[in-house]
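Peer 1: Turn this into a model:
(chains A, B, C and D)
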4 protein chains.
Amino acid sequence: MKPIRLGMVGGGQGAFIGGVHRIAARIDGQFQLVAGALSSTPERAAASAAELGLDPARSYGDFAQMAQREARLKDGIEAVAIVTPNHMHAGPAIEFLKRGIHVICDKPLTATMAEAKRLAKVAESSKALFILTHNYTGYPLIRQARAMVAAGELGRIRLVQVEYVQDWLTERAESSGSKQAEWRVDPARAGGGGALGDIGTHAWNLAAFVSGQEPSALAADLSSFVEGRQLDDNAHVLLRYEGGAKGMLWASQVAPGNENGLRLRIYGDKGGIEWGQEDPNKLWFTRFGQPKQLLTRNGTGASPENQRVSRTPGGHPEGYLEAFATIYSEAARAIRAHQSGAPLPAEVLYPSLQDGLSGMRFVEACLRSSSRNGAWVTL
Amino acid sequence: MKPIRLGMVGGGQGAFIGGVHRIAARIDGQFQLVAGALSSTPERAAASAAELGLDPARSYGDFAQMAQREARLKDGIEAVAIVTPNHMHAGPAIEFLKRGIHVICDKPLTATMAEAKRLAKVAESSKALFILTHNYTGYPLIRQARAMVAAGELGRIRLVQVEYVQDWLTERAESSGSKQAEWRVDPARAGGGGALGDIGTHAWNLAAFVSGQEPSALAADLSSFVEGRQLDDNAHVLLRYEGGAKGMLWASQVAPGNENGLRLRIYGDKGGIEWGQEDPNKLWFTRFGQPKQLLTRNGTGASPENQRVSRTPGGHPEGYLEAFATIYSEAARAIRAHQSGAPLPAEVLYPSLQDGLSGMRFVEACLRSSSRNGAWVTL
Amino acid sequence: MKPIRLGMVGGGQGAFIGGVHRIAARIDGQFQLVAGALSSTPERAAASAAELGLDPARSYGDFAQMAQREARLKDGIEAVAIVTPNHMHAGPAIEFLKRGIHVICDKPLTATMAEAKRLAKVAESSKALFILTHNYTGYPLIRQARAMVAAGELGRIRLVQVEYVQDWLTERAESSGSKQAEWRVDPARAGGGGALGDIGTHAWNLAAFVSGQEPSALAADLSSFVEGRQLDDNAHVLLRYEGGAKGMLWASQVAPGNENGLRLRIYGDKGGIEWGQEDPNKLWFTRFGQPKQLLTRNGTGASPENQRVSRTPGGHPEGYLEAFATIYSEAARAIRAHQSGAPLPAEVLYPSLQDGLSGMRFVEACLRSSSRNGAWVTL
Amino acid sequence: MKPIRLGMVGGGQGAFIGGVHRIAARIDGQFQLVAGALSSTPERAAASAAELGLDPARSYGDFAQMAQREARLKDGIEAVAIVTPNHMHAGPAIEFLKRGIHVICDKPLTATMAEAKRLAKVAESSKALFILTHNYTGYPLIRQARAMVAAGELGRIRLVQVEYVQDWLTERAESSGSKQAEWRVDPARAGGGGALGDIGTHAWNLAAFVSGQEPSALAADLSSFVEGRQLDDNAHVLLRYEGGAKGMLWASQVAPGNENGLRLRIYGDKGGIEWGQEDPNKLWFTRFGQPKQLLTRNGTGASPENQRVSRTPGGHPEGYLEAFATIYSEAARAIRAHQSGAPLPAEVLYPSLQDGLSGMRFVEACLRSSSRNGAWVTL
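Peer 2: Down below sits the predicted model:
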């Protein structure tokens, strides 16, 4: 099968997530990068394109130009990856969606709710697909966990405990030349949420993906521990669900000793599951009253949902890039189904614009609650 | 050195914590159990005393009788362990304190704040000591963690994340003949807090012991997940400290797959520590910017505070009973110092009536916040 | 029930294992230390006795004197703990056995095979019991593991992988004033085995205890890595069993980063188990083709054998001292049965003289194999 | 940079390792698969090629045909991946090497020593490169471990403990339709080693790669536990190094509960390291006398060698496929240097024909020792 022609906005030299998207797009061989507006700095854009072996004619100075020209090319891009800082998601996404080019966009959806709504409107009327890279939903054991919850193996859900903990912003990295830090703590580029937007939305999304439900209310206590930092670097959030479940969400970028600690625990009246992103090939499952079981990626006890997105046998660890690649491969399946008019099989799952909007509501609700001294607010 | 003569109130056949206290009292050979009012049921009291090899003449039908008689004996008990349900702490404690007999009392302090205040008043005017068995403070690595925080090794504290998670009340154990469950979910015997009082107070105490500070405000969301249960079986609590630190406390008895998961993580601007009670011989310490270190009980990197309360070399795991025994041995040191008039060395640490009052304030504040839909309340 | 009157040979100030024996004897309240020949140095013996609160009249200058006098006392000791270096096991053991006093002796059995045989002969004709403190057999999950193997849950055993790894002799501790190191590397006091005798015999015993079988042949490669050290500080041993099983035994005291790493893995044609002494409250069990299960001490999935020797519920870690105490409590049960003439219940298990002889044969076979360049030798 | 044109021998539908090679070749975008002799069954070859989007004209019926034709094409393949069973390595490798086409070959080198020698001779006189995919050497922390040993951070090496443990051959999988099992237990296709060749060579290679030394003698005890199996499914091997170090190597495919447990521990007189393939983003390092440290992939404490082959920041787990991809990227660097005549930078490391020969000698020595009842044999 021919790879899908992919363009990229952002992701030039020195970027982090752009490289990740490129590897993810390559792993399963479903995409080929053929065009890019890789940087807003022309020289950097050109150099980056050259490094990636792009045809110089398809290295663009800005996304608008790329959208216009590629839409007219006979072999123009079929999809575009948007890997810019948050405030630069909506603009390009709208531009490509309007031209029927599928969008694979990094999270969070946008920097502001206003942008998000504008984007949603355009997406609704576009025939093109919108895929949001909440990549952690690509982990095989997360797929199995979701299926187990849906099948009632945990019983009625009571507790959702999720945390995403890092330490890289413990000190003022934004003043020491870290590009990654700079824009993430800048309200103009990141939006109203700091840790909230950067990692809190991942935690929020993952909890919803696995538990199959979203909180209807929350109470948040946000902090900016590092002096001079305008956005939150720590978020403590309590959650309530309509069905009666409760939860806690903790997002922090100032907890020394934590690299990328996204952890999810869900408990129902019949059982519980526990998973951590840094050791993602293991899922702990306890049926109440029975010994704890270790379920592994594509190993003994693996469900069809787990096997379906695994590439190697159990014991051959797959990681962050493979989970990310699964989002790309799900996108490829969706794009091909869309192109052929075939129905999309139910097992194909990718984070959508709705997930993006939910994340924006989460950030907004946290800010609202925090501004009212942590009062409970509804979503 | 002669062992201290000990009496016990409660702890007859079928009890859990009474047996733990007796082992703890024996481990370091500092106490000898010589009298008891082991059960409110006379036959059970007698049978229990016989089993323990007590002189029948010193097996009493009730604590008041025991207090009166032992106080008059030449070789009467010097200290008493109170291991009854919560509502039966204050009565005996007051009775013995009034007679100058040292009290070693299980937690929480009492069932109600009114009792607690009454007890505190008596304790103040008594010459006898009051020791509360917040036993987890006896773990050697908890001692080291406290010393590290005090020495500034974590820098200024920002985050205190503590949880105490169990699963034994996932179903209605209180209706299936579990004596342990019955009284713990009964407001008349347990007081206003369920999980809060039973394990939440331990989490609260441990966080304070190690961090060296107590929250000045909290917001709580309490749940009773099991139908018909009057007291909370899950507590989600957010914490704020005067110095600017924030925290989360989670206490649950309905999380399948968790046996006795008391875990503490504290992060400052220079470093972080992580410890879990089920693997208590390890403490993870990270200086920000350096690799995570594994500190062990009485092993390489052990501080004097850690070594002081260790009995065996590193790698020879000590556990729950040893930590409990350390509280008893600290009590013994305090009692002997009291008896001899010698000053108590600064390194001797035991949970006091003040810690008990703090726990009561914690429970009370959680109930208050919860009744106001999780509003922040001050302590 | 009255505690059994216990004497002790060795274990004076500065000793390690003597203190462990005393705590172990106290934990379950089955023994009371009433006499001692605690040191060969009279002043140290007296000072140690005073510290332990022994009646000065029952603090003896040597074990022979103690044996003679205590045997004649009306309330003389019923049992004696021998906690001296290896070369001082046989002498006292024989002396007490001859007088009908039960012996609880530290491992290995003796320093030499000749002594072992002499001791065995005396033991045979003595009415008193001989208990060897291979303490690791007291762990609850080791009891469960043994029962599982016996019940065929692993199927036919194929592989026995055992290791006991430490690092404390990585450098020449014997030259830096460590009493513990000094005698252990001295052939005159330790016997022919260094790491072999000190920890290899534990590994050997544990593997046999759980697997229910002993190797019939072995091949050993012994090393003395530290310059000037006469005894082995590392032993690599291959094992063959009559039923066709194979195994590896590794004992080392020169592996930096290992405190007290006794680990056992056993695999059969139906399943496997894995256990480690430093995290002793967990046993991993896999039925081939099913997910790995976590069995815990006295938790869900605990067998009667596990529950029987547990003191606290799952999640309240018990450790080295409790396992050691279980050996003492088993000894107490055996002694009481012996005294009353009642049959010893089948579930009471303690390491015997036969186990000690087996350990001696193990050391001897390793030395023999090693002297023949690692040739396979039969046992 | 243009990707290197790659052909593949083997790896058609139903194969395992072929798919792994293709992903590995894609991850860093350094190769493009353009030709294949994917199966000895013509229909399967064609179908596999079509699935992979190969030009049908470049899907060959056999490797000889592919070698001949591709060597003549202007844009013929520059390198070929050989991913067939062991007995089909030498033939194709020789064919391509003779034509100057670089060979990337799966391990072990060949099925027999005779083939290996033949291949070595051809390779010597070929200008093309030979890369053997001992993929585990691609793990970033393995690179760091090697650098640490080389820099003397462990001091003089004393102990090398390596094991590679699986369970998938616990039962007679070869009789239940598993293609993967069938050839691996067939001497005609696998060669003289079963577990030895399949995974033992990996363990051997990894130990040598990290320790920087190879054993000069070994003693092996091989077993075929499953009835009717001709090749070993378990290998117990003792190792001796010229410098005085000792080691143990255990390879097993019959240990229930082990998926792909390749573990390496190395100890010197100054420190020790411990690493496991199933949790490959962690390396434990202990300087004797200091606390154990956790070194992570591309995290704090990461060495340049670790960072160089990492794609994502610490905490974003990379796994088996990334390590495999690193071998491909190292191969690409070597091929490009070879093509341009530039010297190969010292930091570029890939397993070579010499490593393959070493693995063959290992298998051969184990068979020799085993046939002499485990006698020590020299290498």
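Peer 1: make it CA atoms for all contacts and neighbour counts henceforth
Peer 2: Will do.
Peer 1: Isn't residue A:216 up against residue A:376?
Peer 2: No: between residue A:216 and residue A:376 there is no contact under C-alpha atoms under 8 Å: 10.1 Å.
Peer 1: For these two, indicate the residue with more neighbours.
Peer 2: Between residue A:216 and residue A:376, residue A:376 has the larger neighbour count (other C-alpha atoms under 10 Å in any protein chain shown), namely 23 against 14.
Peer 1: Pretty sure that one sits against residue A:221.
Peer 2: No: the pair residue A:376 and residue A:221 fails to qualify as a contact (C-alpha under 8 Å) at a distance of 10.6 Å.
Peer 1: okay, and the common contacts of the two?
Peer 2: residue A:369 (C-alpha atoms under 8 Å, 6 or more residues apart in numbering or on different chains).
Peer 1: In the stretch 201-350 of chain A, what residue comes closest to chain C?
Peer 2: Going by C-alpha to the nearest C-alpha, chain C is nearest to residue A:293 of the stretch 201-350 of chain A, at 4.6 Å.
Peer 1: near chain B, anything from stretch A:279-286?
Peer 2: Yes: Stretch A:279-286 is in contact with chain B by C-alpha under 8 Å from any C-alpha of the partner chain, via A:285, A:286.
Peer 1: now that stretch: mean pLDDT?
Peer 2: Across stretch A:279-286, the average pLDDT comes to 98.
Peer 1: Any part of it near chain D?
Peer 2: Yes: applying C-alpha under 8 Å from any C-alpha, one finds stretch A:279-286 touching chain D at A:279, A:280.
Peer 1: which other residues reach that stretch?
Peer 2: Stretch A:279-286 is contacted from outside by A:139-141, A:145, A:271-276, A:292-297, A:317-319, B:256-257, D:279, D:317, using C-alpha under 8 Å, 6+ apart.
Peer 1: For ChimeraX, write the select line for the buried members of those.
Peer 2: In ChimeraX, this line selects whichever of the contacts of stretch A:279-286 come out buried by 16 or more other C-alpha atoms under 10 Å in any protein chain shown:
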select /A:139,140,141,145,271,272,273,274,275,276,292,293,294,295,296,297,317,318,319 /B:256,257 /D:279,317
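Peer 1: Between the two ends of stretch A:74-83, what distance do you get?
Peer 2: Length of stretch A:74-83, first residue to last, C-alpha to C-alpha, to the nearest Å: 25 Å.
Peer 1: same deal with stretch A:224-239?
Peer 2: End-to-end span of stretch A:224-239 (C-alpha to C-alpha): 21 Å.
Peer 1: List the contacts of it.
Peer 2: Outside stretch A:224-239, the residues that touch it by C-alpha under 8 Å, 6+ apart are A:169-172, A:185-187, A:192-196, A:200, A:215-223, A:246-254, A:366, B:158, B:236, B:238, B:247-248.
Peer 1: One more: stretch A:51-61?
Peer 2: With C-alpha under 8 Å, 6+ apart, stretch A:51-61 has contacts from A:33-42, A:45-46, A:49-50, A:66, D:1-2.
Peer 1: Report pLDDT for the residue in chain A sticking out farthest from the centre.
Peer 2: Most distant residue from the mean C-alpha position of chain A: residue A:289, 35.4 Å away (C-alpha atoms, centre = their mean). We have a pLDDT of 96 for residue A:289.
Peer 1: Let me know whether it touches residue C:300 as I believe.
Peer 2: Yes: using C-alpha under 8 Å, residue A:289 is in contact with residue C:300, at 6.1 Å.
Peer 1: quick one on the thing from earlier: ok, of the contacts of stretch A:51-61, which come out buried?
Peer 2: Buried among those by 16+ other C-alpha under 10 Å: A:33, A:34, A:35, A:36, A:37, A:38, A:39, A:45, A:46, A:49, A:66.
Peer 1: Okay, and the beta partners of the residue of the stretch 201-350 of chain A closest to chain C?
Peer 2: residue A:285, residue C:293 (DSSP bridges).
Peer 1: so it sits right up against residue C:290, yeah?
Peer 2: No: when contacts are counted by C-alpha under 8 Å, residue A:293 is not listed as touching residue C:290 (9.4 Å).
Peer 1: now the helices for the stretch 151-300 of chain A?
Peer 2: Here the stretch 151-300 of chain A has its helices, by DSSP state H, counting those that start in this stretch, at A:179-184, A:187-190, A:195, A:201-211.
Peer 1: Which one of those lies nearest to residue C:25?
Peer 2: Nearest to residue C:25 among the helices of the stretch 151-300 of chain A is helix A:201-211; the distance by C-alpha to C-alpha comes to 50.6 Å.
Peer 1: Run through who's touching the closest one.
Peer 2: Outside helix A:201-211, the residues touching it (C-alpha under 8 Å, 6+ apart) are A:107-108, A:134, A:136-137, A:142-143, A:145-147, A:149-150, A:157, A:160, A:162-164, A:214, A:249, A:251, A:262, A:264, A:266, A:355, A:359-360, A:362-363.
Peer 1: please redo it, this time with the cut-off set to 7 Å
Peer 2: With contact meaning C-alpha atoms under 7 Å, 6 or more residues apart in numbering or on different chains, helix A:201-211 is reached by A:108, A:134, A:136-137, A:142, A:145-146, A:149, A:162-164, A:214, A:262, A:264, A:355, A:359.
Peer 1: With only the CA atoms kept, save it in CSV.
Peer 2: Written as CSV, here are the backbone C-alpha positions of helix A:201-211 (Å, rounded to 0.1, in the frame of the first residue of the first chain):
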residue,chain,number,x,y,z
THR,A,201,-4.6,17.6,29.4
HIS,A,202,-2.9,14.3,28.7
ALA,A,203,-3.8,13.0,32.1
TRP,A,204,-7.4,14.3,31.7
ASN,A,205,-7.6,12.6,28.3
LEU,A,206,-6.1,9.3,29.4
ALA,A,207,-8.4,9.0,32.4
ALA,A,208,-11.4,9.6,30.2
PHE,A,209,-10.2,7.2,27.5
VAL,A,210,-9.8,4.4,29.9
SER,A,211,-12.6,5.0,32.3
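Peer 1: just how off-centre is that helix within its chain?
Peer 2: Relative to its chain's centre, helix A:201-211 lies at 10 Å (C-alpha atoms, centre = their mean, to the nearest Å).
Peer 1: May I see the buried residues of that helix?
Peer 2: Neighbour counts over helix A:201-211 (16+ other C-alpha under 10 Å) mark A:201, A:202, A:203, A:204, A:205, A:206, A:207, A:208, A:209, A:210, A:211 as buried.
Peer 1: what's the answer for stretch A:85-95, then?
Peer 2: Within stretch A:85-95, the residues that count as buried by 16+ other C-alpha under 10 Å are A:85, A:86, A:87, A:88, A:89, A:90, A:92, A:93, A:94, A:95.
Peer 1: Show me what the mean pLDDT comes to for that stretch.
Peer 2: On average, stretch A:85-95 scores 97.
Peer 1: Between the two ends of it, what distance do you get?
Peer 2: Terminal-residue distance, stretch A:85-95 (C-alpha to C-alpha): 16 Å.
Peer 1: Straight-line length of stretch A:229-249, end to end?
Peer 2: End-to-end span of stretch A:229-249 (C-alpha to C-alpha): 21 Å.
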